[in-house]
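A.B. asks: Give me a 3D structure for the following:
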Amino acid sequence: MNLGGTDGTGRLAAHLNGPLAPIYAIHGDDPLLVIEAADAIRTAARAKGFDEREVLTVSHPFDWKQLAYATQGSSLFGGSKIVELRVPTGKLGRGGPEALQALLEQSGATATDSLILMTLHEFGWREQKAAWFQSFLGSKNAIVIPCVPPGIKALPRWLGERLARQQQSAPPDALEYIAHYVEGNLLAANQEVLKLALLYPAGPLTLEQVREAVADVARLDMDMLRGALLDGDLARFSRTLAGLREQGEALPLILYWLAEDTRALVQLTAPGDSPDNRLRTMRLAPQRAQQLRSAANRNTKISWRRALESIARIDRLSKGIGQGDPWTELAALALELC
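C.D. replies: The predicted structure follows:
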């Protein structure tokens with residue numbers, strides 16, 4: 001059963017007030033949301049008498065018999081036990097799918113004094129198509145919790161909800177200010193919210209108070225830059241590009257990834273077959289495919305083919321061939337594409 005919400009844990013609190021399921025599987029790339037979901041399940045389980053805990057970490061190779069021993073063996077003190085199965089890479093390895101399928105069937109056939117808590121990091125859309133995972137989604141004995149971080153547009157509201165938990169509030173411009181500085185890093189975002197509780201009493205905060213407290217902790221990376229260009233968000237692209245430059249990121253590497261996306265857009269916007277049909281043949285992750293589809297349908301000042309030619313010229317500038325500042329040229333190109 002899929003227990004998703006706006007951030008992957010929206011319905012979890014209500015579920016945990018009732019009977020617990022035998023198996024929970026939490027997946028997501030953002031560590032804060034995964035940690036918080038796992039903590040909530042542990043707390044609810046302890047309140048219901050699961051007073052022992054055993055942790056297994058899947059490394060390669062991993063002996064999946066350990067999981068069978070942990071779930072079938074009796075607790076040392078005769079109580080109930082939480083068995084945590086941590087999969088840091090999101091990949092189960094040999095014997096893993098079969099072991100989890102057997103575990104699911106066992107949980108439906110017989111009562112057990114063990115609760116299984118799985119955390120799967122880097123669990124991509126390809127892994128989610130696996131037969132064992134689809135069985136988990138369709139079973140009432142397994143609860144699947146996808147932890148999806150809020151996007152840039154939803155981040156201010158997410159921050160506001162966090163502030164409300166500590167009896168604080170902030171005006172929209174202050175929430176936008178925090179979001180600007182913590183974009184892409186929810187752990188840092190949560191730390192900044194907690195910091196505001198330490199610095200100021202309960203009640204409304206001002207933009208000036210937020211500005212004094214919040215540090216620049218945005219995680220500026222290549223995916224964020226690519227996403228900003230595909231979304232047509234010039235402000236985010238410019239901010240991220242400046243941050244990458246300050247971090248000393250190699251411009252040729254930046255141009256390589258931008259060229260990859262631009263080359264795909266040249267294919268999508270060429271006359272002939274529909275963009276959707278072409279996207280299906282590219283075998284892209286759903287989020288990247290949606291961004292490319294949106295970019296292909298957006299009106300730009302120049303064509304994506306001309307943009308690809310410009311990226312090639314900027315790449316030559318970055319290697320000392322020709323005259324001009326490549327960083328400035330790239331910023332100017334983004335202005336025409338966003």
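
A.B. asks: Regarding L117, what is its secondary structure?
C.D. replies: Here L117 is strand, with the state taken from DSSP: H, G, I helix; E, B strand; the rest coil.

A.B. asks: Can you tell me how far it is from V34?
C.D. replies: Note on L117: its distance to V34, by CB to CB, to the nearest Å, is 11 Å. Any C-beta I mention is one placed from the backbone N, CA and C, and that applies to glycine too.

A.B. asks: Show me whatever sits in contact with both of these two.
C.D. replies: Shared contacts of L117 and V34, defined by CB atoms under 8 Å, 6 or more residues apart in numbering, comprise I26.

A.B. asks: Isn't A40 up against L16?
C.D. replies: Yes - with contact defined as CB atoms under 8 Å, A40 reaches L16; the gap is 6.2 Å.

A.B. asks: looking at the chain, which helix or strand is least sure?
C.D. replies: None of the helices or strands of the chain scores lower by mean pLDDT, DSSP states H and E than helix 275-282, at a mean of 76.

A.B. asks: Dump that one to PDB, restricted to CA.
C.D. replies: Taking Å, rounded to 0.1, in the frame of the first residue of the first chain, the C-alpha atoms of helix 275-282 are listed here in PDB:
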ATOM      1  CA  PRO A 275       7.900  15.000 -28.900                       C
ATOM      2  CA  ASP A 276       6.000  12.500 -26.700                       C
ATOM      3  CA  ASN A 277       6.900   9.600 -29.100                       C
ATOM      4  CA  ARG A 278      10.500  10.700 -29.200                       C
ATOM      5  CA  LEU A 279      10.700  11.000 -25.400                       C
ATOM      6  CA  ARG A 280       9.500   7.400 -25.100                       C
ATOM      7  CA  THR A 281      12.500   6.200 -27.100                       C
ATOM      8  CA  MET A 282      15.000   8.200 -25.000                       C
END
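
A.B. asks: residue boundaries of the helices in the stretch 201-338 of the chain?
C.D. replies: Assigned by DSSP state H, counting those that start in this stretch, the helices in the stretch 201-338 of the chain fall at 207-213, 222-231, 234-246, 251-269, 275-282, 286-297, 304-318, 326-337.

A.B. asks: residue contacts, R53?
C.D. replies: 42, 81-84.

A.B. asks: doesn't it fall inside a strand?
C.D. replies: Yes - per three-state DSSP, R53 lies within a strand segment.

A.B. asks: what are the bridge partners for it, then?
C.D. replies: Counting by DSSP bridges, R53 is bridged to I82.

A.B. asks: possible to save the contacts of R53 as CSV with pLDDT?
C.D. replies: CSV is the format used below for the contacts of R53 (pLDDT from 0 to 100):
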residue, pLDDT
R42, 94
K81, 90
I82, 92
V83, 93
E84, 94
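
A.B. asks: quick revisit: which one of the helices of the stretch 201-338 of the chain lies closest to L199?
C.D. replies: For the helices of the stretch 201-338 of the chain, the distance to L199 is smallest for helix 207-213, at 5.4 Å, taking CB to CB.

A.B. asks: Which residues does the closest one contact?
C.D. replies: Helix 207-213 has contacts (CB under 8 Å, 6+ apart) with 170-171, 173-174, 177-178, 192, 195-196, 199-200.

A.B. asks: Any buried residues in it, and which?
C.D. replies: Buried residues in helix 207-213, defined by neighbour count with 16 or more other CB atoms under 10 Å: 210, 213.

A.B. asks: Run the chain-centre distance for it.
C.D. replies: Centroid separation for helix 207-213 versus its chain: 28 Å, with CA atoms, centre = their mean, to the nearest Å.

A.B. asks: rewinding a little: relative to A131, which of the contacts of R53 is nearest.
C.D. replies: For the contacts of R53, the residue nearest A131 by CB to CB is V83; the value is 22.3 Å.

A.B. asks: Let's see the pLDDT reported for the nearest residue to the closest one once chain neighbours are set aside.
C.D. replies: Using CB to CB, 6 or more residues apart in numbering and skipping residues adjacent in sequence, the residue nearest V83 is A70, 4.7 Å away. For A70, the model assigns a pLDDT of 86.

A.B. asks: And for F123?
C.D. replies: pLDDT recorded at F123 is 82.

A.B. asks: three-state assignment of it?
C.D. replies: With three-state DSSP as the criterion, F123 reads coil.

A.B. asks: Perfect, I'm done here.
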